[in-house]
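In: What follows is a protein structure lacking sequence information:
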């Protein structure tokens with residue numbers, strides 16, 4: 001299960017390289033995208049990128065050059081299907097919520113029926 005920062009980083013990477021398998025991206029661009037909701041340092045971004053790489057979303061190579069700090073990201077199948085999996089997860093949570101509400105209403109109605117039948 002990914003936390004909110006990891007999800008934002010993955011959403012950004014999915015937007016940047018939807019069809020490409022590998023992409024060179026600046027760490028400052030990732031931090032700028034995530035900064036809409038969270039403040040993110042380069043060290044924390046490194047930890048997130050390593051964590052996502054360990055979870056088999058992509059392969060990453062870090063490059064620190066004169067022009068800045070860059071990541072070379074090679075997306076894997078799990079990374080390419082991240083948005084679809086996220087939408088599927090939200091749909092499953094919605095179905096679970098609706099099912100729980102229906103069972104609650106049904107048990108309430110059955111309780112009322114039993115109460116009226118047995119005169120409680």
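Out: Yes, it's here. Bear in mind that the values here come from a model prediction, so they are computed numbers and not experimental data.

In: buried stuff in stretch 41-49?
Out: For stretch 41-49, the buried set under the neighbour-count rule, 16 or more other CB atoms under 10 Å, comprises 45, 48, 49. For glycine as for every other residue, the C-beta is placed from the backbone atoms N, C-alpha and C.

In: now, among the residues you listed, which is nearest to residue 87?
Out: For the buried residues of stretch 41-49, the residue nearest residue 87 by CB to CB is residue 48; the value is 21.6 Å.

In: Looking at the helix or strand in which that closest one is found now, give me its mean pLDDT.
Out: In this structure, residue 48 is located in helix 42-54 according to DSSP states H and E. Average pLDDT, helix 42-54: 91.

In: in its sheet, what does the helix or strand following that helix sit against?
Out: Taking DSSP H and E as the definition, the helix or strand that follows helix 42-54 towards the C-terminus is strand 58-65. According to DSSP bridges, strand 58-65 forms sheet pairs with strand 68-75 (antiparallel).

In: what's the average pLDDT for the partner strand?
Out: 90.
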